[in-house]
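>>> sequence and predicted model, in that order:
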Amino acid sequence: MSDKTGTGTEPGAAGIGVEVLSARDVPLGGPRAMTVRRTLPQRTRSLIGAWCFADHYGPDDVAESGGMDVAPHPHIGLQTVSWLFSGEIEHRDSLGSHALVRPGELNLMTGGHGISHSEVSTARTTVLHGVQLWVALPGEHRDTARDFQHYAPGTVRLDGADVRVFLGSLAGETSPVRTFTPLLGAEILLDPGATVTLPTDPAFEHGLLVDEGEVRLAGTLLHPAELGCTAPGPDALTLTNESTAPARTVLLGGPPFEEEIVMWWNFVARSGEEIVQARNDWEKGERFGEVHGYDGARLPAPALPTTPLKPRGRVR
C-alpha cells in the first residue's frame, strides 16, 4: 500500500487539467482495524461533486489480515456507497437491513438524521478488495430519513472496456438508485492497451480512481491508488490503459458541491455544534437506533478535537 500523500496538476489532452491526488494509509474500524488507502478528503480537495470520502482497500488476503470487522457505528448527513471487486461483506443496520455486499453490486445506505451499521467480511471471503465511498447530503436533505438500497447493474461493453454504472448515467446506461444531488459512479475495466473516450456531462467535475494498471486520464498518467480529478467543462474524457493487462478504475462525478460542510469521524454536518450533538447522542444511545446480530460491542466515539470544528468548502 502507498503511504504517499500529495497533489499536482498536470496539463492533459485538449488542455484538460488533471489534479493528481495520492493516497494515505489509514486504519479503519477501531481495535480490529484493517488498513485502507484514503484519497478523499485532502487539504487541497474536499469534494468531487458531492463525493466527500473515498477509501480503497485490497486485494487483502483475509487469512493473514483477518479481513474487515467494523463494529456498529453511526452516520449523519451522508450516503455510504459500498462497491466490491472481490470478497463479500455482511451489512447490518439500525433500519433492520441485513444484506451482503458482493462484487459488482451496489449497497447504498442513507444516514440522514442518523443511522448505525456494521460491516464484516464473511467466512466465504478469501480476498477482500473494493472501495467505500461517501456522498454529502445537501442541506435541505441532510436530516432525511434513514434508507437502504441495493442494485446490481449490468455490464455495458464498449470498444475496449466493460462499464458498470452504479449511480447516475454513462455509456447509455442509467442507474435507478436515488441520490439527492446529480452523481456519477461507475466501474470501468479497460482492455490491455485500450483507449476509450466517454461522453460526460460538462457541468460535472470528475475523479478517476485507479485500482489496477497504469491509466492515462486526458493524457495524464495515473498509477494504482491515485485519483485524477478534472474540473467542469469537458464533454468527454479519454482513458488509455498503458498496461499489458486489464486496468480497473472507478469514475466519480457530479456538479460542484457549493455548500460548506464539517466532516468529523463518521459525521457530515454544517457546524461544529451539530457534530457535538451527534457525538453526544451516540454516546447516550439515542437517535441512531440499534444494530442487531453483530457479535460484539459497538464503537465508542473518539474524543473531540480541542480546537473548534469549522466548515470547509470545496478547497482548491
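Nice, I can see it. Values in this document were obtained by computation on a predicted structure and should not be read as measured data. Numbering: from 1, shown residues only.

>>> helix, strand or coil: sort out the residue nearest the centre of the chain for me.
Per C-alpha atoms, centre = their mean, the C-alpha nearest to the average position across the chain is that of residue 133, at 1.6 Å. Under DSSP: H, G, I helix; E, B strand; the rest coil, the three-state class of residue 133 is strand.

>>> ok, for it, nearest residue in space, not its chain neighbours?
With C-beta to C-beta, 6 or more residues apart in numbering as the criterion, residue 133 has its nearest non-adjacent residue at 4.1 Å, and that residue is residue 81. Using the backbone N, CA and C atoms, a C-beta is placed for each residue, glycine as well.

>>> how many residues are close by that neighbour?
Residues within reach of residue 81, counting by other C-beta atoms under 10 Å, total 24.

>>> go through the one helix or strand it maps to and flag the buried ones.
For residue 81, the element it lies in under DSSP states H and E is strand 78-86. Neighbour-count burial for strand 78-86 flags 78, 79, 80, 81, 82, 83, 84, 85 (criterion: 16 or more other C-beta atoms under 10 Å).

>>> now for that strand, which elements pack on it?
strand 51-61, strand 106-110, strand 127-136, strand 161-167, strand 184-190 (3 or more C-beta pairs under 8 Å, 6 or more residues apart in numbering; DSSP states H and E).

>>> out of the ones you listed, nearest to residue 197?
strand 161-167 (10.2 Å; C-beta to C-beta).

>>> what's the average pLDDT for whichever helix or strand comes after that closest one?
Downstream of strand 161-167, the next assigned helix or strand under DSSP H and E is strand 169-170. For strand 169-170, mean pLDDT is 98.

>>> need the contact list for the residue of the chain most remote from its centre.
Here the chain reaches farthest from its C-alpha mean at residue 284, the gap being 28.8 Å by C-alpha atoms, centre = their mean. Residue 284 is in contact with no residue at all, counting by C-beta atoms under 8 Å, 6 or more residues apart in numbering.

>>> test for you: state the pLDDT assigned to it.
pLDDT at residue 284 comes out at 97.

>>> check residue 6 too.
45.

>>> with residue 247 instead?
Predicted confidence (pLDDT) for residue 247: 98.

>>> and the one 3 residues further on, by the same measure?
If you check residue 250, the pLDDT there is 98.

>>> now do the contacts for the spatially closest residue to it that is not a sequence neighbour.
Once flanking residues are discounted, residue 250 sits nearest to residue 209: 4.5 Å by C-beta to C-beta, 6+ apart. Residue 209 makes contact with 39, 54, 56, 131, 225, 226, 227, 249, 250, 251, 252, according to C-beta under 8 Å, 6+ apart.

>>> among the residues you listed, name the ones in helices.
Counting by DSSP state H, the contacts of residue 209 place none of their members in helices.

>>> name the nearest of the residues you listed relative to residue 141.
Using C-beta to C-beta, the contacts of residue 209 come closest to residue 141 at residue 252, 19.4 Å.

>>> could you measure the closest one against residue 97, distance?
The spacing between residue 252 and residue 97, counted by C-beta to C-beta, to the nearest Å, is 24 Å.

>>> kindly report the same for residue 271.
29 Å.

>>> mind checking pLDDT for the nearest residue to residue 170 once chain neighbours are set aside?
Leaving aside its sequence neighbours, residue 170 sits nearest to residue 186 (C-beta to C-beta, 6+ apart; 5.0 Å). With respect to pLDDT, residue 186 has a value of 98.

>>> I figured residue 186 was touching residue 162, is that so?
No - between residue 186 and residue 162 there is no contact under C-beta atoms under 8 Å: 10.4 Å.

>>> those two: which is more packed in?
The residue with more neighbours, out of residue 186 and residue 162, is residue 186; 24 against 16, by other C-beta under 10 Å.

>>> could you report the neighbour count for residue 105?
Counted with other C-beta under 10 Å, residue 105 comes out at 18.

>>> for the one 10 residues further on, same thing?
Residues contacting residue 115 under the criterion other C-beta under 10 Å number 27.

>>> residue contacts, it?
With C-beta under 8 Å, 6+ apart, residue 115 has these contacts: 74, 75, 93, 94, 95, 109, 146, 288, 289.

>>> let's go with 7 Å and repeat that
75, 93, 94, 95, 109, 146, 288, 289 (C-beta atoms under 7 Å, 6 or more residues apart in numbering).

>>> which of these are buried, as a PyMOL select command?
In PyMOL, this line selects whichever of the contacts of residue 115 come out buried by 16+ other C-beta under 10 Å:
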select buried, resi 75+93+94+95+109+146+288+289
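
>>> looking at the contacts of residue 115, spot the one nearest residue 236.
residue 109 (32.2 Å).
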